[in-house]
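> My questions are about this predicted structure, shown below with the sequence.
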Amino acid sequence: MRFKFSILAIFLEVLIIVLFGIFVRYENNQPSEKDKLLLYPFFQDVHVMIFVGFGFLMTFLKKYGFSSVGINMLIAALGLQWGTLLQGFWHMKNQTINIDIESMINADFSTATVLISFGAVLGKTSPVQMLIMTILEITIFSCNEHLVVNVLRATDTGASMTIHAFGAYFGLAAARVLYRPGLKEGHKNEESGYHSDMFAMIGTLFLWLFWPSFNSAIAHPDVQQRAIINTYFSMAACTLTAFALSSLVKHRGKLNMVHIQNATLAGGVAVGSCADMNIYPFGAMLIGSIAGVISVIGFKFLTQNTSSGNSVTGSLSAAMQAAALGCSVGIALVGGAFAGLILNLPFLGQAPDENCYDDSVYWEVGYKCRVIRPSGSAAFIAFY
Amino acid sequence: MRFKFSILAIFLEVLIIVLFGIFVRYENNQPSEKDKLLLYPFFQDVHVMIFVGFGFLMTFLKKYGFSSVGINMLIAALGLQWGTLLQGFWHMKNQTINIDIESMINADFSTATVLISFGAVLGKTSPVQMLIMTILEITIFSCNEHLVVNVLRATDTGASMTIHAFGAYFGLAAARVLYRPGLKEGHKNEESGYHSDMFAMIGTLFLWLFWPSFNSAIAHPDVQQRAIINTYFSMAACTLTAFALSSLVKHRGKLNMVHIQNATLAGGVAVGSCADMNIYPFGAMLIGSIAGVISVIGFKFLTQNTSSGNSVTGSLSAAMQAAALGCSVGIALVGGAFAGLILNLPFLGQAPDENCYDDSVYWEVGYKCRVIRPSGSAAFIAFY
Amino acid sequence: MRFKFSILAIFLEVLIIVLFGIFVRYENNQPSEKDKLLLYPFFQDVHVMIFVGFGFLMTFLKKYGFSSVGINMLIAALGLQWGTLLQGFWHMKNQTINIDIESMINADFSTATVLISFGAVLGKTSPVQMLIMTILEITIFSCNEHLVVNVLRATDTGASMTIHAFGAYFGLAAARVLYRPGLKEGHKNEESGYHSDMFAMIGTLFLWLFWPSFNSAIAHPDVQQRAIINTYFSMAACTLTAFALSSLVKHRGKLNMVHIQNATLAGGVAVGSCADMNIYPFGAMLIGSIAGVISVIGFKFLTQNTSSGNSVTGSLSAAMQAAALGCSVGIALVGGAFAGLILNLPFLGQAPDENCYDDSVYWEVGYKCRVIRPSGSAAFIAFY
C-alpha cells in the first residue's frame, strides 16, 4: 500500500489546510469566555470516547489490536477536520466558518458515525479504503444531519438517529456490498483473545462512563442536567438487564463478553433522542432496561444472520415510521452501499481473504526496537 | 447459574423501576444551573474511579480478569440505583426523592463500599451472591451513614470511615463467614500474571489520580480547594514511602506490585476524614507518609494472618476509641457477618473450591466471535 | 538495592515535609473560589497525562512494563513535591510559598521534564539513580524556567522550550554520559511485544487527547479557548502526516507503532510555544503537519545514530538561533551531562548490562499472591 496510502493522506491534509485557510476562523463573538469553558469538560469526555472508547472497544480480535486502535485514531483525526468543514458549510456567516468548543464537540460527533461503521467492516478493509470511507461518510452524514435537524426539525439531542442509526446502517450497507463469500465460513483470526477482550473493556468502560456527557454536551443549558441524569440511570438499568439476558441466552448460563462490551451501551443510544425531555428517571430506566434486553437478543439474531445479509430488513419497516429516522436510515443505506461500491474499486489495495483480521498486513509486528525509544523524546526534539 | 441469576437481576431492576416511579423526581429547586455544572467534572472523576479504578484494580489475578472488571461493573450499576433510593429515603421532601448531580455523586460513593468488600471475597463468590451482597451492604451502609453523619455529626468529608473502613470491615467479616478450609493452602489460580498486573495498574492510577476529586466532591465550596490540595500532597508523599517500604520489607529489596497497586492509595483514605480542614500541606504529607508505611506493613501482616481470621482484632480496639468510627466498624462487622450467612445459603450457586479464581466458570472464554462484532454496531441499531 | 533506595526515599520525603512545614501555605487571596475551580478540570487532564500518559507510553518494552509505569509514578510523585518547592522559591511572598490549583498544574509540569528524560535512559538506570536525577533535573529546570520566562520574557505557553526541549536534551546528554559500550549491539530484551505495544497506546492516547489542556492550562483566560483550538487541530493534522510518513519510510509501506505512539504527539509540542497566539486554525494545522513529517524522519535518523552519540549535533546549531531556546538547550545539555556524571557514581546500584530492560531486577515477578489482595481492602484499613 506504500505510495497510495501516503499520497492520499498527504493530499487530503493539504486540501483540508487550504480549505481551512480560506474558510475557517476563530469564533470571536461569544457570550463569555468563562461560560464557554464550562463546555470544555464535556468536550474532553466526548474526545476520550472517540479515541479511547471506540478505539479500544474494537481491539477484541486477538491479532487486530494495532489496526483497531491505530486506524480508529487515523479515521478520527481525519474525520474531525473534514467534519469541521462539512458541518461548517451549513452554518457559514459572511463566507466564514467560525469555530469554538461547541463546533469541536460537533466535529468529534461526526467522526463517531465513521467509527460505528468501521465496526461493520473491521478486519476486511485497508487504510486507504478507510480514508475514502471517512470522507464519503462524513460528507453524506453532514447533509443528512442538516436535513433532520434543520429541515425536519426533529429532536435528537443525543444524536441517536443522526449518528448511531446512521452509522450502523451505513456500515451494514457498505459491508453488504463489500461482502466476501470466502469468509462465509469464518476465518481463523476472527477470534477474540483473553487479553484482547480485556483491552476491549477499557473501550467499553470509557464509552459507558462518558455517555452522559455525549447526550448532554450540546443540550440547552436549562436541560443539560436532566440529560445527564436520564442517561446515567438509563445506562445503569441497561447494564443490569444486559447481564441478565447474556446469561439467559447463552450456553449453560454463562456470561458473554460480546454482550457486556456492547449491549451495556445500548441504554445510552436508546435514551439519546429524548435524553433532555421530562421522561422522569424511571422512564429513562425503562428505556434503558428494554434496550439492554433487545440489544442482547438482537446480537444473537444478527450473529446468525448478518452473513446472509437479511438481518436488517426486519427492523427496517418499523424504523421507517418516523420520517426523520427513516430519512437517516434511508440515506445511510444508499450512502453506505455507494461507499461500498467505491471501496470495491480494485486499485484500493484491499487485502485478500487470507490476510483479513491480521495486523501484520499493515503493521510491522515483532520488530526489534533497539535504541529507538530509549531516546523516546526524539519525537519532541526532532522538530527543533 | 442460568435462571437464578437472570431472574434475580430482572426482578431487582423491575423493583427498582417501580420504586423510582413512586418516589424519584428531578431536583428543580436549584441555586443555578451553571453552578451545579461546576460539580459535573467532580462527578465524572468519581465515576471513572468506580468503574475503571476499582474495576481494573482487581484484575491482578491471571485468570479472573473478566469477572473482576465485569462483575465490578454489574455491582456498581445495581448499587448506584439502589443507593439513590436508600440514601434518598433519609432525605425525602413531600414523600419525594429529588436527584441532581450531587445525589449522583453520593450514589456512586455508596457503590464504593461494596466494591471494597468485593476485594475481600474476590474469586470465591458467584454473581448471584454479589447481587444479594450489593443490596444488603448498601442498605446497611446507608443506615450507618445516616447515623454517623446526621446523628453523631462526625466530620467525614472524604468518607474514610463511612465508606472505606465500613467497606473493608464488612468485606472481611463476610469473607470470614464464607471461609473455605479447602483454600487454606492456596489455589493454583490464586496468582497474578505479568499482563494482569499491568491491567491492575490502570485501576491503581485512575484511583490515585482522581482521589482529590473523591475527597472534595461533596465538600463545602469554600474549602473544596483545600481538600484538593491536601489530598494531592498526601497521595504524593504516601507513594514515596510506600515504594520505600515495599523495597524494605521484601526479599532482596525488590519492589512488589501488591504494594504499589494498593499502598500508594492509602494516603487518600488516611487524609479523607480531615481533607477539608486546615491541616497545612505538610500535615497532609505527614499523614500520607505514615499511611504509606503502615499500609505496606499492614499488608505484610494481613497476608500472613487473614486466613486464620484474627488479623482484624488487633486494630479493632484502637479503632473503637472514636465513637463514629466504632459505629461504622461495629455495624460493618455485624452486617458483614450477617451478609456472609445469607450468602452461604446453599441454593445461591457458590462455586466449589476447585473452580475459584477462574473466569471460565461464569464466562465464555476462548469463543469464536465470528461475524458478531464485525457488525459491532448491532447493539446500537437492534433497538430500533 | 535494599537499603540505599529505601533510606534515600525516606530521607527525601522527610526533608520535603520539613521544608513544606517551614515555607508552604494555602493560597488564601483568590479572585473567587468558583473561578479557581474552572481550572480544576485542566489540572486533572494534565495529571492524567503525567501518570497515565507518560507512564504507559513507556511500557512498550516487552519485559519492562512494571518499571515503566511504576518508576514513572515514583518520579512524578517525588517530582511534584520537589517542583512545588523549587518553583515556589522564585515567587515567595513574605518568605511563604502559596499554593493553589495553578501551582499544582505547574508542579505537574515540572515532573514532565524528568519523565521525558526518563525515556532516554529507560531500562538502563536503577530506582536510586532516578530519585537523584529527579532532584537534580527539577532543580536545574526551575532555574532555567525562571530565566526563560521571567528574565528573557519568552512566550512559551505550552512550555515547548522549557519542558519538552529541556527534558529531551537533558535526557540525551545524561544518556550520553551513561553510555554503555556493551549495549552497542543491542540487547535481547530491548524489544517490544504485541501486548506491551497495546499498553503503550493507552499512554499515547491519553497524552494526545489532553494535550489541548496541557497547552492552555496556564494561558490567560482570554486566549485559553484559542490555545485549545490550535492544539486540537495541530494534533489532528500531525496524526495524518505521521501515519502517511510512517508508511512511506518503512519496509513495504507498513505502519510502525514507534511512529504512531510518538510522532502523533509532535503536533502538540510544536504548536506549544505559540498555541495562544492568533496563528489561525490553518496555521496550527500547518505547524502540526510539518511536525508530524519531521518527527517520523527524525525518529528514523536518530534510530540509526543515537548509539554513536552524534545525532544531536545536527539540530543543535539551528536551535541555538533563538536565545531562549538556546538557553534551555544549553542548560539542559550541561545539566544532563552533570547529572549523568553523578549517576555514574559506582555506589548507586546501577545494574550490569545483562540485567538491563528487565523488570525482575527491581520487581518481584511471577509471585504467588495468595490471600493477599482477596483482602484487598487491607491497604485501607491498615491505617486505622
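That came through, no problem.
> for stretch A:287-295, the distance to its chain's centre please.
Relative to its chain's centre, stretch A:287-295 lies at 20 Å (Cα atoms, centre = their mean, to the nearest Å).
> who's in contact with it?
A:233-242, A:244-245, A:259, A:262-264, A:266-267, A:269-271, A:274, A:279, B:13, B:17, B:378-379, B:382-383 (Cβ atoms under 8 Å, 6 or more residues apart in numbering or on different chains). C-beta coordinates here come from the backbone N, C-alpha and C atoms, glycine included.
> Quick one: distance of whichever strand or helix holds residue A:44 to the chain centre.
Per DSSP states H and E, residue A:44 falls inside helix A:40-48. Taking Cα atoms, centre = their mean, one finds helix A:40-48 lying 15 Å from the centre of the chain it belongs to.
> Secondary structure element for the closest residue to chain B within chain A, which one?
Closest to chain B within chain A is residue A:298: 2.5 Å, counting by Cβ to the nearest Cβ. Assigned by DSSP H and E, residue A:298 falls within helix A:280-305.
> and residue A:202, what does it touch?
Contacts of residue A:202 by Cβ under 8 Å, 6+ apart are A:52, A:56, B:52, B:56, B:202, C:202.
> From residue B:134, how far off is it?
As defined by Cβ to Cβ, to the nearest Å, residue A:202 lies at a distance of 24 Å from residue B:134.
> Residue A:125 now?
Counting by Cβ to Cβ, the gap from residue A:125 to residue B:134 is 43 Å.
> which sections of the stretch 251-384 of chain A are below the confidence cut-off?
Where the stretch 251-384 of chain A drops to pLDDT under 70, the residues are A:302-323, A:366-384.
> Where do the helices of it begin and end?
A:257-262, A:266-270, A:280-305, A:311-319, A:323-343, A:378-381 (DSSP state H, counting those that start in this stretch).
> repeat for the stretch 51-200 of chain A
A:54-57, A:65-89, A:101-121, A:127-145, A:166-177, A:194-216.
> Was I right to think residue A:111 contacts residue A:84?
No: using Cβ atoms under 8 Å, residue A:111 makes no contact with residue A:84, being 10.3 Å away.
> Of the two, which one has the most company?
residue A:111 (31 against 28; other Cβ atoms under 10 Å in any protein chain shown).
> Pull the contacting residues for the more buried one.
Residue A:111 neighbours (Cβ under 8 Å, 6+ apart): A:50, A:75-76, A:79-80, A:83, A:134, A:138.
> 10 Å - rerun?
Residue A:111 sits next to A:46, A:50-51, A:54, A:72, A:75-83, A:118, A:134, A:137-138, A:141, A:163, A:167, C:236 when contact means Cβ atoms under 10 Å, 6 or more residues apart in numbering or on different chains.
> And for residue A:37?
Per Cβ under 10 Å, 6+ apart, neighbours of residue A:37: A:43, A:101, C:38-39, C:41-42, C:216, C:221, C:224-225, C:228.
> Then residue A:84?
So residue A:84 contacts A:16, A:19-20, A:23-24, A:97, A:99, A:103-104, A:106-108, A:110, A:138, C:232-233, C:236, C:281 (Cβ under 10 Å, 6+ apart).
> ditto for residue A:13
Applying Cβ under 10 Å, 6+ apart, the residues contacting residue A:13 are A:77-78, A:81, C:236-241, C:243-244, C:285-286, C:288-289, C:292-293.
> try residue A:243
Residue A:243 neighbours (Cβ under 10 Å, 6+ apart): A:255, A:259-260, A:263-264, A:292, A:296, B:5-6, B:9-10, B:13, B:70-71, B:73-74, B:77-78, B:127, B:131.
> likewise residue A:143?
A:86, A:89-90, A:331, A:335.
> Any chance of a markdown table for those residues, columns neighbour count and distance to residue C:159?
Formatted as a markdown table, these follow (neighbours: other Cβ atoms under 10 Å in any protein chain shown; distance: Cβ to Cβ, whole Å):
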| residue | neighbour count | distance to residue C:159 |
| --- | --- | --- |
| A:86 | 22 | 34 |
| A:89 | 15 | 36 |
| A:90 | 13 | 38 |
| A:331 | 20 | 46 |
| A:335 | 23 | 44 |
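> now, which of these sits nearest residue A:175?
Taking Cβ to Cβ as the measure, residue A:175 sits nearest to residue A:335 out of the contacts of residue A:143, at 13.3 Å.
> Based on its surroundings, how many neighbours for the nearest residue to residue A:197 once chain neighbours are set aside?
Spatial nearest neighbour of residue A:197, excluding adjacent residues (Cβ to Cβ, 6 or more residues apart in numbering or on different chains): residue A:257 at 4.8 Å. Residues within reach of residue A:257, counting by other Cβ under 10 Å, total 25.
> Residue A:106 too?
The number of residues near residue A:106, taken as other Cβ under 10 Å, comes to 22.
> how many other residues sit next to the nearest residue to it once chain neighbours are set aside?
The shortest distance from residue A:106 to any residue other than its chain neighbours is 5.5 Å, reached at residue A:87 (Cβ to Cβ, 6+ apart). Around residue A:87 there are 21 other residues, counting by other Cβ under 10 Å.
> what's the answer for residue A:252, then?
10.
> just to revisit the earlier point, of the contacts of residue A:143, which are in range of chain B?
When Cβ under 10 Å from any Cβ of the partner chain is applied, no member of the contacts of residue A:143 is adjacent to chain B.
> which ones are touching the closest residue to residue A:173 other than its chain neighbours?
Excluding its sequence neighbours, the residue lying closest to residue A:173 (Cβ to Cβ, 6+ apart) is residue A:336, at 3.0 Å. Contact analysis of residue A:336 by Cβ under 10 Å, 6+ apart lists A:117, A:120-121, A:133, A:136-137, A:140, A:166-178.
> which element is residue A:246 on?
Per DSSP H and E: helix A:224-249 holds residue A:246.
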